[in-house]
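Participant: A predicted structure for the sequence below; I have some questions about it.
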Amino acid sequence: MTAVTNKLAKYNKLVVPIGIVFGLAYLNFALNYSLGYKEVYKHHSNSIAIILWCLSGFCQICIFVYWFLILYVGPGKSPKFPQLNLYNNTDSVDELLPVPDVFLCDEFGFPQYDSHTQSIKTDRSFYSKNLEYIVLKYDHHCLWVGKSIGLTNYVYFMKFCFWFLSLFIIMLIYTACYTRSSISRGEINHNFIIMYIACGLWLPMILALYISHLRYICLNMTTLDDITLGQRKRYERYKERRQSETTNPCLNPRKPRKEKGIRYVSVKKDNFRLIVKYDIKERPFDMGWRRNWINLMFNGNRNHGRSDSYYTNTKLILSIILFLCPFIEIPVEMRYRQRQSHQFDVENYPKSIERTIAEYDWFSSKYNSAFLTRIQTKVDEKDCYIPSYLVGKEL
């Protein structure tokens, strides 16, 4: 029964993407035939109609190519990682991962662990119920395309949104330019009304989504990070309203998810470890907007692995060109994937644990220098505490 339910759930997730395909098919008919042929081509200019067909056709080719790449490439599946060697067990060196100098942990000092896959999670990874594996740098699950967005298909998602947005802008401009002439002849084309409705619904939504993700790129944020910030704001407003209940008993706000915006990192101090709190607004993985853009287009959406000399103005300009121009980023992505596969071949890492360590370092996000400095300052000021698993042990 559970297997049947899971299959039905998977099929249900295809309903919205299939609906989008049929919706695009109808809008293609309305835009290119009802508007492009019956109005522009017949009553105005043949060349302008041909330009419309070329522009809308190219936009739709880009939409479906990038939609295919989003689905085919996927969001990035995390390898399965063993536990960290928290207790410095010398007998398990070949089975456990060495403990990083700094890593995200819970309030007790334990690393992030996923019970579904029985694996340690790298920073910013998240278990996806839709895919049933841990997604690297998980951003969100897109209902419209039917796939989760993460480390490896994020660029394709952004380009998909750009060309989707471009199609509706073209549709709105052409429809607005030729509606009056159609009405003046006493011909009311009802397809025009549908196109106005579609543009009114989709343009604001896609534009807001696209601008939000441009901001995320500049700050090296994810949708999950932004959702967490919103949850904290709602929880703070809830607490303020609860405090005012004494003066206004009619107020009874609904309790949101408890989110204080506090996270923890485990820091190595000599031969010991300490836990330091930090605020989610600190953005520990933000390397600056210039480096973030270059990393997105030339470094597989990771934030480390390149030298300081790599981040030049030329690379920044090229990264923006790659981002704006269709399809030219695909060879760059292919070369990067070849480099990544060569990185973990058997010749470089004959032992399995060495390969696992290399993969863990490769897919882990690094912390920016400003964040590490603030963490070290808190350690020096003794604004920290000992992990629960080390309580009672000697320094």
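Facilitator: Yep, that arrived.
Participant: how about the strands of the stretch 101-250 of the chain, start to end?
Facilitator: Assigned by DSSP state E, counting those that start in this stretch, the stretch 101-250 of the chain shows strands spanning 102-105, 113-114, 119-120, 126-128, 133-135, 140-142, 147-149.
Participant: In CSV: the ones you listed, plus mean neighbour count.
Facilitator: All C-beta atoms are positioned from the backbone trio N, CA, C, and that covers glycine. Converted to CSV, the strands of the stretch 101-250 of the chain look like this (neighbours: other Cβ atoms under 10 Å):
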stretch, mean neighbour count
strand 102-105, 20
strand 113-114, 16
strand 119-120, 20
strand 126-128, 19
strand 133-135, 24
strand 140-142, 19
strand 147-149, 24
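Participant: Redo these as JSON lines? Include distance to C62 and mean pLDDT.
Facilitator: Formatted as JSON lines, the strands of the stretch 101-250 of the chain follow (distance: least, Cβ to Cβ, whole Å; pLDDT from 0 to 100):
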{"stretch": "strand 102-105", "distance to C62": "37", "mean pLDDT": "94"}
{"stretch": "strand 113-114", "distance to C62": "36", "mean pLDDT": "92"}
{"stretch": "strand 119-120", "distance to C62": "36", "mean pLDDT": "94"}
{"stretch": "strand 126-128", "distance to C62": "26", "mean pLDDT": "93"}
{"stretch": "strand 133-135", "distance to C62": "25", "mean pLDDT": "95"}
{"stretch": "strand 140-142", "distance to C62": "17", "mean pLDDT": "93"}
{"stretch": "strand 147-149", "distance to C62": "17", "mean pLDDT": "94"}
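Participant: what about those, which gets the closest to L274?
Facilitator: Of all the strands of the stretch 101-250 of the chain, it is strand 102-105 that lies closest to L274, at 10.5 Å by Cβ to Cβ.
Participant: per-domain residue ranges of this structure.
Facilitator: 2-75+146-219, 90-141+263-390 (automatic domain parsing).
Participant: how about those, which one is nearest R254?
Facilitator: Of these, nearest to R254 by Cβ to Cβ is domain 90-141+263-390, at 22.8 Å.
Participant: roughly how far out does the closest one sit from the chain middle?
Facilitator: 15 Å (Cα atoms, centre = their mean, to the nearest Å).
Participant: Quick one: end-to-end length of it, please.
Facilitator: 17 Å (Cα to Cα, to the nearest Å).
Participant: next one: stretch 267-277
Facilitator: First residue to last in stretch 267-277 (Cα to Cα) measures 11 Å.
Participant: Residues touching it, excluding its own?
Facilitator: With contacts defined as Cβ atoms under 8 Å, 6 or more residues apart in numbering, stretch 267-277 is touched by 99, 101-102, 105, 107-109, 262-266, 375-376, 378-379, 383-387, 390, 395.
Participant: now stretch 103-115
Facilitator: Against stretch 103-115 from outside (Cβ under 8 Å, 6+ apart): 83-84, 86, 119-121, 123, 125, 127, 134, 263-266, 273, 275, 386-390.
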